[in-house]
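Undergrad: Quick check, what structure comes out for this input:
(2 chains)
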Amino acid sequence: MSQIMNPPSASRIKVRPSSEREGRKDYISIRDYGFWYGQKKALDAISLDIPERQVVAFIGPSGCGKSTLLRNLNRMNDLVDDVRHEGDITIGGRSIYDAGLEVISLRRRVGMVFQKSNPFPKSIFENVVYALRVVGVRDRSVLDEACETSLRKAALWDEVKDRLDDSALGLSGGQMQRLCIARAIANRPEILLMDEPCSALDPIATGKIEELIHELKDQFTIVIVTHSMQQAARVSDRTAFFYLGKQIEYDTTEKIFMNPSQAQTEAYISGRFG
Amino acid sequence: METSDKKADSASKSRFDVSPMTLAADRWMGRLIRCGGVGVVLAVFGMLGFLIFQIFPLFSGAKVKVAAPIQFPADAVAFGEDEYGEMPFACLADGSIIFQRAQDGSKVLAWAPQLSGRRVTAIRSYPRSGMVLLGLSDGSVEELKVAYHSNFDAVGKRTLEPVVTASEPIQVGQAGSPCLDLWNAKGLSARLIVVQQTVAGKAKLTAVRQTERKGLGGKAKITTSEPFGVGAEVADFERVLLPSTADAVVLIRKSGEVRVYAEAGDNFVFSQSFTPFQGTADHHVAAAGMIFGNVSIVFVNGTGEQQVWSIYPQLQPDGLSQRRWGQIHEGEKLAGAGLGVYAAEGNKCYLAATEGLLQIHNMTTGSLRWEGAAPRFAIRQLAFAGNYDRFTALDVQGVLHRWELVDHHPESSWSAFFGKIWYEGASAPAYTWQSSAGSDEFEAKYSLVPLFYGTVKGTFYALLFALPIALTAAIYVSQFLRPEFRQVVKPVMEIMASLPSVVLGFLAGLWLAPLVDTRIVPLLCAVAVLAPAAIAAGFIWSALPQPWRRQVAPGMEFLWLLPFVVLCGWLAWISGPAIEAFFFTVKDSSSGLPIADIREWWRQSTGASYDSRNSLIVGFVMGFAVIPIVFTIAEDALSNVPNSLVSGSLALGASRWQTVWSVVIPTAISGIVSGVMIGFGRAIGETMIVVMATGNTAVMEANPFSGMRTLSANIAVELPEAAAGHTHYRALFLGACCLFLLTFVINTLAEILRQRLRERYKVV
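TA: Below is the predicted model:
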């Protein structure tokens, strides 16, 4: 079991002792962060700290930059041409733009679930163990165990345990999204980014995913982008509100929803714009 | 108020009505599209139907119709006829000749020779040349010429007028002794007349040779040699075969031994003896016939076993090769003892007569073309018409039996097209394609196997060159190259696809082949070093420290790769001559000096040939034609893999290559397979490049330095010279049909594979 938790190549990622991780308030630290797509400035002077093992929700109207910020946390925006940034983002004290840091190892550390579920055209099993395969795990028993653990964590095990070798594309929409979550946590990242994970799902599937987020919180630091204020209120510990690329307010979820300090925040959460 | 309501009501009704025009257009377009689809299917099947229609006659046997017999006097011993068989004649035992009309049997002319006291003791007629030889009681030979003059009356109706001319008798045999049998042959340089007599109780053959010398004045002067004996040491011969080339005499003895006497100077000397049925129960040769072309003899023994012997080059114990007789075929066993073997004219068929049955066989393929009932009475003489459309036989009752024969493709059979055949004159059975030659006696060889082999070989080398380049290029361009370069590369490759193949073939044959001829080693070195150099460049790149690498934007790494690979290729190219000198130095056969030449080295060390227009050139240039097609289709397939899958893989910590290998390629695999198959189809059907750059010799060698001939090139090269409806013409259609089936089968298999892969890796 311990082997699954720390697969061979994970040793390249510096794993802190749990005592040090416990309660660290600035686990992810964003400082004066700005980001451009070509000439267009998408993010402006963002500064916020994300504590370890908490759920942080990014909310705001479409185009406010919340997804851009999320995708910068594992540098997925590198795939886009002609982008640049200013300021810095550190995870566990180390800059993600550190010249010595391989972007691949960053992504192994920071998992991601996309808005639209994107299972690979492979079997359910192969989807789940994909991250282990790419780090070179060959041992079938390790893969089997990782698959079961991840699927159980993603609350999918009971539904698919008899058809692990079937194509993942035969699952329902909600199952596919949970499969993507299982896939993202199979190699034990430290941080899980979720980009509107429930936007294409029905209320029952959404409920399941939200429950899942609650359970995963014990092991992962989760950053979730959502359009649904109710969802943000239900699942997150802290909430950041963005508007037009600027960070308007960032505080505990309770405070944001009950007693926001900014008028814009109040206007947004009470549904007057967005 | 009411009216306005109504108005609104009717307006809203018409608002939702569909106009009849829209419906009609929809219906008509639907029909048009259906017609198009059905038309395509019909066109494909129509093409296949046409090909089958063209090749069908190749596999039907001969058709024979019995024509009305003509009754001649019962003492008729030989016959002859005109070109169309309209007015046959019979020679009676006394040497007189009777002409009768074939239509109604009416007698036209009776002619009798002036023999001045001598008797006719032997008659031989050569129906094709209109020659009748009379052997006389004093051992001399009188030659009769039968000619038919065509006369046209006032209404243009043609009548035949037979004319018989007799020449002065020539003394061939020993004077005073009657001539018992006689033969004539007219070769290129001399004419041979052989007579058989019985002298002192022993059979004896005597011959004269006549040579014709044309003077400047144009008047031919015929010189007749002194009579000379042939095969004097054997007296128990039963049969004499005289090739129409007049350069040999073949005697068959009672024991079954065959003795061949060959022309040597003014005489004929013994050259070879063999016994065809040595290994069988019955040694006796019951019937034998020389096949058209004069190099093969069919022997039949008393139990109906058939053997074909032919002259072909054989390695002698002294190490030299010499043309000698040897068995080349074992024919199908006949129903009974052979009664006669009669060769057809113009092809390698013969008619074998047994008790009650006539069979037409093809000597080369051994196929039975036709069989039918024999006349009731024994046959005295049987002859085929010159154009193989009739055969005629005279029986001992004086009845002339006639058959009309339709056999357009006597030389074709499954084994002729697909089997290994021992052609006469060849030293061993082989797959041979040779459709024409200089002589009329030439037998066309239509084996499609070497063409198949050439097709597969050419395709193999083309794909060997094209697939790695096209597929890796497609992966690189779609997954790694920056979009702005991709937008340039793709159209350029598509322009490359539109290059006419005749231009490529022209370049290959006239520019590349001579160029490469002297620079093989440098070229091979340069090509061989490219892939390792690219891999090495990758390794060096990944070993560089991260800050250095970050200077180059993703997708721009080729700025480093390209110069490195080009440099390596150039180094390999310039070191080529040194490598050639080191590994491929051989002794020049003519001067004895050591030379560095891979071509000579290849010839000497493998014994195989080296052609300037070889498989490598074809592979190279045909590969050039295939690359853009495979590239374009594979690149499209790879680019169409949803970006969400790529992001998903990268977000899980996979490297770019891992993403490509385990997500992008499997997802695009059905499209990649399509691209490969279309490239394969292009290579297999490619014509102009192979016509111009292969040398077009139908050889079957795996040797990469030899040429080939493909099915498609064969059609392109030979169809203009094939006579419509001829076997050659139909054999080309058979080749086309095979090509069609080959691509059909392979494309079907590939489509099944593609569907399976698509099912397996389909994307939501």
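
Undergrad: Return the residues of the stretch 401-550 of chain B in contact with chain A.
TA: Residues of the stretch 401-550 of chain B lying near chain A by C-beta under 8 Å from any C-beta of the partner chain: B:Arg482, B:Pro483, B:Gln546, B:Pro547, B:Arg550. For glycine as for every other residue, the C-beta is placed from the backbone atoms N, C-alpha and C.

Undergrad: From B:Ile540, how far out is the third one?
TA: Pointing back at B:Gln546 there. In this view, B:Gln546 and B:Ile540 are 14 Å apart by C-beta to C-beta, to the nearest Å.

Undergrad: Nearest to the middle of the chain, which residue? Look it up for me.
TA: Let's take chain A. A:Leu193 (0.9 Å; C-alpha atoms, centre = their mean).

Undergrad: Can you look at chain B instead?
TA: Closest residue to the average C-alpha location of chain B: B:Tyr446 at 1.9 Å, with C-alpha atoms, centre = their mean.

Undergrad: Hmm, it is touching B:Arg730, no?
TA: No: using C-beta atoms under 8 Å, B:Tyr446 is not in contact with B:Arg730; the gap is 9.3 Å.

Undergrad: which residues do those two both contact?
TA: Listed as contacting both B:Tyr446 and B:Arg730 by C-beta atoms under 8 Å, 6 or more residues apart in numbering or on different chains are B:Ser412.

Undergrad: how about the strand or helix carrying A:Ala146 as CSV, C-alpha atoms only?
TA: For A:Ala146, the enclosing helix or strand under DSSP states H and E is helix A:140-153. Only the C-alpha atoms of helix A:140-153 are listed here, as CSV (Å, rounded to 0.1, in the frame of the first residue of the first chain):
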residue,chain,number,x,y,z
ARG,A,140,0.4,-5.7,-12.2
SER,A,141,-0.5,-6.0,-8.5
VAL,A,142,0.5,-2.5,-7.8
LEU,A,143,-1.6,-1.3,-10.7
ASP,A,144,-4.6,-3.4,-9.6
GLU,A,145,-4.4,-2.0,-6.1
ALA,A,146,-4.0,1.6,-7.2
CYS,A,147,-7.0,1.1,-9.5
GLU,A,148,-9.2,-0.2,-6.8
THR,A,149,-8.1,2.4,-4.2
SER,A,150,-8.6,5.3,-6.6
LEU,A,151,-12.0,4.1,-7.9
ARG,A,152,-13.1,3.6,-4.3
LYS,A,153,-12.1,7.1,-3.4
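
Undergrad: which helices and strands does it pack with?
TA: helix A:2-5, helix A:124-128, helix A:130-134, helix A:157-160, helix A:173-185, helix A:203-216 (3 or more C-beta pairs under 8 Å, 6 or more residues apart in numbering or on different chains; DSSP states H and E).

Undergrad: Please repeat the previous calculation with a cut-off of 7 Å.
TA: Judged by 3 or more C-beta pairs under 7 Å, 6 or more residues apart in numbering or on different chains; DSSP states H and E, the packing partners of helix A:140-153 are helix A:2-5, helix A:124-128, helix A:157-160, helix A:173-185.

Undergrad: what's the longest one packed up against?
TA: In terms of contacts (3+ C-beta pairs under 7 Å, 6+ apart), helix A:173-185 is packed against strand A:110-113, helix A:124-128, helix A:140-153, helix A:203-216.

Undergrad: Measure how it sits relative to helix A:203-216, angle-wise.
TA: Here helix A:173-185 runs at an angle of 20 degrees relative to helix A:203-216 (axes from the mean of the first three to the mean of the last three C-alpha atoms, to 10 degrees).

Undergrad: Does the next helix or strand after helix A:173-185 pack against any helices or strands, and if so which?
TA: Once the chain leaves helix A:173-185, the next helix or strand it forms, by DSSP H and E, is strand A:191-195. In terms of contacts (3+ C-beta pairs under 7 Å, 6+ apart), strand A:191-195 is packed against helix A:66-73, strand A:110-113, strand A:221-225.

Undergrad: Let me have these in a markdown table, extended by mean neighbour count.
TA: Converted to a markdown table, those look like this (neighbours: other C-beta atoms under 10 Å in any protein chain shown):
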| stretch | mean neighbour count |
| --- | --- |
| helix A:66-73 | 23 |
| strand A:110-113 | 25 |
| strand A:221-225 | 25 |
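
Undergrad: Could you measure from the residue of the stretch 451-600 of chain B at minimum distance from chain A over to A:Tyr97?
TA: Nearest residue of the stretch 451-600 of chain B to chain A: B:Pro547, at 4.6 Å (C-beta to the nearest C-beta). With distances taken as C-beta to C-beta, B:Pro547 is found 12 Å from A:Tyr97.

Undergrad: So which of the two has more stuff around it?
TA: A:Tyr97 (16 against 9; other C-beta atoms under 10 Å in any protein chain shown).

Undergrad: Excluding chain neighbours, what is closest to the more buried one?
TA: A:Asp88 (6.6 Å; C-beta to C-beta, 6 or more residues apart in numbering or on different chains).

Undergrad: Could you give the backbone dihedrals for that neighbour?
TA: As for A:Asp88, its main-chain torsions (degrees, to the nearest 10) stand at phi -150, psi 160.

Undergrad: Now do the same for it: its pLDDT.
TA: A:Asp88 is assigned a predicted lDDT (pLDDT) of 91.

Undergrad: which residues does it bridge with?
TA: A:Arg31 (DSSP bridges).

Undergrad: Quick check, it in contact with A:Ser95.
TA: Yes: because the distance of 5.3 Å satisfies C-beta atoms under 7 Å, A:Asp88 is recorded as touching A:Ser95.

Undergrad: Output the set of residues of the stretch 151-274 of chain A in proximity to chain B.
TA: When proximity is defined as C-beta under 7 Å from any C-beta of the partner chain, the stretch 151-274 of chain A approaches chain B at A:Leu169, A:Arg183, A:Ala184, A:Asn187.

Undergrad: Which single residue of the stretch 1-150 of chain A ends up nearest chain B?
TA: Closest contact between the stretch 1-150 of chain A and chain B, by C-beta to the nearest C-beta, is at A:Arg108 (3.4 Å).

Undergrad: Strands along the stretch 201-350 of chain B, start to end?
TA: Per DSSP state E, counting those that start in this stretch, the stretch 201-350 of chain B carries strands over the ranges B:202-214, B:220-224, B:228-230, B:237-241, B:248-253, B:258-264, B:267-274, B:285-290, B:296-301, B:306-315, B:321-331, B:340-343, B:349-354.

Undergrad: what do you get for the stretch 501-650 of chain B?
TA: So, for the stretch 501-650 of chain B - with DSSP E, counting those that start in this stretch - the strands run B:585-587, B:594-596.

Undergrad: which other residues reach the last one?
TA: So that's strand B:594-596. Residues from elsewhere that reach strand B:594-596, judged by C-beta atoms under 7 Å, 6 or more residues apart in numbering or on different chains: B:Glu580, B:Ala581, B:Phe584, B:Thr585, B:Val586, B:Lys587, B:Asp588.

Undergrad: any idea of the pLDDT on the first one?
TA: Think B:Glu580. Per-residue confidence (pLDDT) for B:Glu580: 85.

Undergrad: what sits against it?
TA: Contacts of B:Glu580 by C-beta under 7 Å, 6+ apart are B:Val521, B:Ala596, B:Ile598.

Undergrad: ok, now the second one?
TA: By C-beta under 7 Å, 6+ apart, B:Ala581 lies in contact with B:Ala596.

Undergrad: on that earlier part again, now that we have the contacts of strand B:594-596, which one has the most neighbours?
TA: Neighbours here mean other C-beta under 10 Å. Within those, the largest count is held by B:Glu580, at 21 neighbours.

Undergrad: Export the helices and strands packed on helix A:173-185 to JSON lines and append columns for mean pLDDT.
TA: Below are these laid out as JSON lines (pLDDT from 0 to 100):
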{"stretch": "strand A:110-113", "mean pLDDT": "92"}
{"stretch": "helix A:124-128", "mean pLDDT": "94"}
{"stretch": "helix A:140-153", "mean pLDDT": "92"}
{"stretch": "helix A:203-216", "mean pLDDT": "86"}
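
Undergrad: mind putting the ones you listed in CSV, distance to B:Leu739 included?
TA: Formatted as CSV, the helices and strands packed on helix A:173-185 follow (distance: least, C-beta to C-beta, whole Å):
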stretch, distance to B:Leu739
strand A:110-113, 53
helix A:124-128, 42
helix A:140-153, 48
helix A:203-216, 56
